[in-house]
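> I would like to see how this sequence folds:
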Amino acid sequence: MGVVVKASPDRKQVAVSQQSYAAQDWTNFTSLLRFELKIASPDTHIKCRYFLRGWATTSREVATQWRQKFTELNREVATVNVELANLHKPYSKAMNEILVDNEEDEIYRPCHIDDLNCMRKFLASRRHCYPPPGRVPDPYLRDNSILNYVDFNITVININSKISGLNGIIKEFHVNKRTNQLVIAVWFDTIDVPTERSVVYHHRNGRVPIVTSDWSRIIYRRTLITTTTPLSSTIDFRYTVVYGYSEDGNPRYGFGSGINNHPSPIVQGNVASFMANIDLAVRNAFLTEARSYIRIFIQNVLCGYDVVL
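Prediction:
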C-alpha cells in the first residue's frame, strides 16, 4: 500500500490518495514530501511510493498502524498546502517579498528615461534638493575610501583617488506601486580609479597587522548600479539599498611593488592569493564602491543633498 500525492496545475493545492505499489519504506517521508512538492512542475503527479512494513498481514494492529500513518500524511499535506498558499500570496510590506509575474503592471514611470529635468523635479518634490551641477566632475577627486577584502585578510585605505567615468547613463527610473519604492539604475561603461597611495593592512590573528603601501589602479567596465529607495511624501536616501553588477569577466587591477615589498610570508601569500583571484577581488570591491559611486552620481546629476547615501 502506498500513496499518490497530486499537485494541482497551479501548484497551489495538493491532494493525497491511497494506492497500491511495490514495497517501500516510510523513512524520511515528511522531509522528502516537502522537497518534492516544492520542486514539482505544474500538473505533475508526485508518486511517493511508501509501504508500511507488515501491511501484507491482515492483523488489526497493522491496519491501525496504517490508518495512523495515513492520518499523519493528510496532516502533513494540510501543512504543505498552507505553505504553498503563503508562497503564492503577494504582499507589500514583508522583507522576503515575492514578486508576481506581471511585474511591469506594477511599474509607474513618472518621467521619460531621457528627461533629466523631469527626474529632478520628481525628486525635488519629495525632498529638499539644491540644484545639482548636472554632471559629475571628471575626474572626481576623492580624499579616501576603505575596502575590506575579507577573502584575502586585507583592508585597503585608498588616499587621493581621481575617479573618471562617473557620468553614467540612466537605464531605469520608476516607482514600483506595490512596494512603493523608487528604482534608479545607472549604467557606467568604464570607471577608472587611479589612487595616489593605497595603504594595505595584512591582518593577523591576535597580532597587529603588517602594513604596506604604494600606488594602485582599478578599472571597472560595463557595470550597472541599481538603487531602491522607500518612497513616501519624502525620500530619504539613507535607507537606499544599492546593488552593483559588472559584466566584465576580465577586470583590470594594478599596484606598485611596495604593496608586496615585505619579507613576511603572510604578505607574500595574501598578494599571491589576491592576484590569483583578481576577478573575485575586483567584483567584491565594486559591490562596496557602488554605493559611493551612485551617491556621487545622484548628488551631481539628479538631486543635490548633504546627507551621505
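
> for the closest residue to V301 other than its chain neighbours, give its distance to H112.
Excluding the flanking residues, the one nearest V301 by CB to CB, 6 or more residues apart in numbering is P132, at 5.8 Å. Heads up, the C-betas are built off the backbone N, CA and C, glycines and all. Distance, P132 to H112, using CB to CB, to the nearest Å: 19 Å.

> more neighbours: these two, which one.
Taking other CB atoms under 10 Å, P132 and H112 do not tie; P132 has more neighbours (20 against 10).

> so the more buried one, which state does it fall into?
Using DSSP: H, G, I helix; E, B strand; the rest coil, the three-state assignment for P132 comes out as coil.

> same thing with the one 3 residues further on?
Recorded secondary structure, R135: coil (three-state DSSP).

> which residue is the nearest non-sequential neighbour of it?
That would be N167: by CB to CB, 6+ apart, it lies 5.5 Å from R135.

> wait, the one you found sits on P139?
No. N167 is not in contact with P139 according to CB atoms under 8 Å; the separation is 11.1 Å.

> tell me how many other residues surround A290.
A290 has 24 neighbours, counted by other CB under 10 Å.

> tell me who's in contact with it.
Shown in contact with A290 (CB atoms under 8 Å, 6 or more residues apart in numbering): 223, 225, 242-244.

> for R178, pull up the helix or strand it's in.
Secondary structure from DSSP states H and E places R178 outside every helix and strand.

> all strands of this protein, in order?
2-7, 14-19, 45-46, 107-108, 140-149, 154-163, 169-176, 181-204, 207-230, 241-246, 252-255 (DSSP state E).

> for I294, which of those strands is the nearest?
strand 207-230 (4.7 Å; CB to CB).

> then that closest one to PDB, C-alphas only?
Extracted C-alpha coordinates of strand 207-230, given in PDB (Å, rounded to 0.1, in the frame of the first residue of the first chain):
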ATOM      1  CA  ARG A 207      48.600  40.500  16.300                       C
ATOM      2  CA  VAL A 208      48.800  44.000  14.800                       C
ATOM      3  CA  PRO A 209      48.500  43.900  11.000                       C
ATOM      4  CA  ILE A 210      51.500  44.200   8.700                       C
ATOM      5  CA  VAL A 211      51.200  47.500   6.700                       C
ATOM      6  CA  THR A 212      52.500  48.100   3.200                       C
ATOM      7  CA  SER A 213      51.700  50.900   0.700                       C
ATOM      8  CA  ASP A 214      52.100  52.100  -2.900                       C
ATOM      9  CA  TRP A 215      50.000  53.400  -5.800                       C
ATOM     10  CA  SER A 216      47.200  51.400  -7.200                       C
ATOM     11  CA  ARG A 217      44.700  51.500 -10.100                       C
ATOM     12  CA  ILE A 218      41.500  49.600 -10.700                       C
ATOM     13  CA  ILE A 219      39.200  49.700 -13.700                       C
ATOM     14  CA  TYR A 220      35.600  48.600 -13.600                       C
ATOM     15  CA  ARG A 221      34.000  48.000 -17.000                       C
ATOM     16  CA  ARG A 222      30.400  47.500 -18.200                       C
ATOM     17  CA  THR A 223      28.700  48.000 -14.800                       C
ATOM     18  CA  LEU A 224      25.200  48.600 -13.700                       C
ATOM     19  CA  ILE A 225      24.300  50.100 -10.300                       C
ATOM     20  CA  THR A 226      20.700  49.700  -9.100                       C
ATOM     21  CA  THR A 227      19.200  51.500  -6.100                       C
ATOM     22  CA  THR A 228      15.800  51.000  -4.400                       C
ATOM     23  CA  THR A 229      14.600  53.700  -2.000                       C
ATOM     24  CA  PRO A 230      11.400  53.700   0.100                       C
END
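
> cool, thanks, signing off.
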